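**Q** Here is my input, please return the structure:
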Amino acid sequence: MEKQLNNLSSDEQDGLEKEALRLLYASLPVTTLISVVLGFTLVMILSEQIPRTSLFVWFILLIAVSLLRFVAYYCFRYLQQEHSRYYLWGFRLGVLLSGLLWGWSGYIVIEQADVVYQIYISFILAGVVAGASSSLSADKYSVVIFIAAVLVPHITYYFLIGNETSIGMAIALIVFTAFMLFTARVHGINLFENYQLRLQAVESEKAVKHFAYHDSLTDLPNRLLFNDRLKQSLITAKRNSRILGVMFIDLDGFKGVNDTYGHDAGDELLKMVAEKVRLALRQSDTLSRIGGDEFLVLLPEVVSTAAVIDVAKKIALIIDKPFQLDDAVLDISASIGVAIYPEHGKDGREILKNADIAMYRAKELGKNNVQLYTETYD
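**A** Numbering: from 1, shown residues only. You can find the predicted model right below:
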């Protein structure tokens with residue numbers, strides 16, 4: 001398990017720690033309440049065997065520790081959780097105090113009881129440890145702290161008595177302790193593996209969603225994501241009485257690159273074009289590859305048609321510059337069609353159609369130029 005933890009990234013380790021902390025605190029109210037109930041039961045049964053003052057002090061301390069743990073639970077549940085380390089160490093401190101109190105009952109209290117009641121106390125402690133091995137298994141240190149604090153004094157007591165029966169009980173408790181530690185370790189590994197599976201499922205879901213909305217070659221938004229952003233931008237533009245621009249870009253000479261240098265070179269060229277054009281746009285703009293050597297650009301909330309044309313010309317100049325690929329110099333250009341909302345369309349479908357028409361007009365006029373859509377192109 002340690003090797004598996006080392007293979008996790010720092011973010012994943014942080015996430016695992018927070019998940020473990022969440023599981024620990026999630027079980028705290030129930031386990032603490034059970035501890036108090038068992039403590040009360042123990043006090044009631046032993047009240048005729050042991051001085052009530054000792055039992056009363058022990059039980060009051062158990063309640064006080066339990067209340068402190070409830071306060072820690074409330075803080076974790078309802079207040080800020082940024083300082084997870086503090087919450088973890090606070091939890092471990094509560095586990096230690098609770099374990100020491102139960103350990104007290106297994107050493108100080110038990111020596112004042114008859115043999116039958118001693119066996120009863122041993123069973124109570126075994127039950128407390130068995131529950132803790134499961135509820136604390138998300139943190140191995142908490143498991144070891146609690147089991148050691150509870151059972152080591154109890155085992156020590158039986159060894160100190162020194163007779164055959166008590167030594168047998170001590171050995172049985174040692175075996176039981178080892179079994180509980182092993183069980184807690186198995187539970188911890190299962191929790192870790194479950195967390196990994198959930199993490200992988202989340203990552204897989206993210207990857208599927210990403211690939212569904214992005215081009216696999218350039219990692220740019222695909223047509224589906226572009227259309228969604230265009231739809232949202234149109235709603236915003238209409239509400240704010242603003243204009244937006246759409247460009248349809250087709251690379252000139254790209255087929256020649258594929259034919260001369262191969263498709264791998266063509267793919268590298270597309271990635272270089274995508275990166276250079278993306279860097280020339282605003283963060284709010286969208287560059288999309290819709291297939292082959294065709295790209296779309298969305299400029300939301302621009303100030304004027306002239307501003308859109310200026311950006312289109314800037315992109316054309318970027319693409320017109322030679323691209324260096326290994327020892328080859330690749331020369332291409334771009335034919336760009338521009339359509340403006342609301343002048344050239346009221347919805348995304350119409351705007352894209354008109355930007356496409358303007359792009360083909362740019363092709364007809366000799367390529368490597370920018371054309372703004374007009375009705376005369378229809």
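
**Q** Could I get the full set of strands for the stretch 101-250 of the chain?
**A** Secondary structure of the stretch 101-250 of the chain, counting by DSSP state E, counting those that start in this stretch: strands at 243-252.

**Q** so what's D252 bridging to?
**A** S333 (DSSP bridges).

**Q** which residues touch it?
**A** Counting by Cβ atoms under 8 Å, 6 or more residues apart in numbering, D252 makes contact with 332-335, 363, 367-368. For the C-beta atoms, the positions are set from N, CA and C on the backbone; glycine is no exception.

**Q** give the contact list for V273.
**A** So V273 contacts 251, 295, 319, 323, 332 (Cβ under 8 Å, 6+ apart).

**Q** Next, work out how far apart it and A328 are.
**A** 15 Å (Cβ to Cβ, to the nearest Å).

**Q** ok, back up a step: out of the contacts of V273, which is most surrounded?
**A** Among the contacts of V273, the one with the most neighbours (other Cβ atoms under 10 Å) is F295, at 27 neighbours.

**Q** List the contacts of that one.
**A** Per Cβ under 8 Å, 6+ apart, neighbours of F295: 220, 247-251, 273-274, 277, 287-289.

**Q** packing partners for the strand or helix carrying K313?
**A** Element membership of K313, judged by DSSP states H and E, is helix 305-320. Applying 3 or more Cβ pairs under 8 Å, 6 or more residues apart in numbering; DSSP states H and E, we find helix 305-320 packed against strand 243-252, helix 263-279, strand 294-302, strand 333-341, strand 370-372.

**Q** Moving C-terminal from the longest one, which element do we reach first?
**A** In the C-terminal direction, the helix or strand that comes right after helix 263-279 (DSSP H and E) is strand 286-291.

**Q** Report the distance from stretch 61-73 to the chain centre.
**A** 31 Å (Cα atoms, centre = their mean, to the nearest Å).

**Q** For that stretch, the averaged confidence score.
**A** For stretch 61-73, mean pLDDT is 93.

**Q** can you check stretch 34-47 too?
**A** Averaging pLDDT residue by residue across stretch 34-47 gives 88.

**Q** which residues are in contact with it?
**A** So stretch 34-47 is contacted by 55-56, 58-59, 62-63, 66, 98, 102, 105, 109, 113, 117, 120-121, 124, 127-128, 131 (Cβ under 8 Å, 6+ apart).

**Q** Please check the residues you listed and keep the buried ones.
**A** Neighbour counting by 16 or more other Cβ atoms under 10 Å classes 55, 58-59, 62, 66, 98, 102, 105, 109, 113, 117, 120-121, 124, 128, 131 among those as buried.

**Q** Between these, which sits nearest I171?
**A** Distance to I171 across these (Cβ to Cβ) is lowest for I121, with 17.7 Å.

**Q** that older thread, got CSV for the contacts of F295, with distance to F159 and pLDDT too?
**A** Shown next, in CSV, are the contacts of F295 (distance: Cβ to Cβ, whole Å; pLDDT from 0 to 100):
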residue, distance to F159, pLDDT
L220, 72, 94
M247, 84, 96
F248, 86, 97
I249, 84, 96
D250, 87, 95
L251, 84, 95
V273, 79, 95
A274, 74, 95
V277, 78, 95
L287, 76, 96
S288, 76, 95
R289, 75, 95
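
**Q** Now these in JSON lines, please, with extra columns for distance to I351.
**A** Listed next are those as JSON lines, based on distance: Cβ to Cβ, whole Å:
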{"residue": "L220", "distance to I351": "19"}
{"residue": "M247", "distance to I351": "11"}
{"residue": "F248", "distance to I351": "10"}
{"residue": "I249", "distance to I351": "15"}
{"residue": "D250", "distance to I351": "17"}
{"residue": "L251", "distance to I351": "21"}
{"residue": "V273", "distance to I351": "23"}
{"residue": "A274", "distance to I351": "22"}
{"residue": "V277", "distance to I351": "20"}
{"residue": "L287", "distance to I351": "16"}
{"residue": "S288", "distance to I351": "14"}
{"residue": "R289", "distance to I351": "18"}
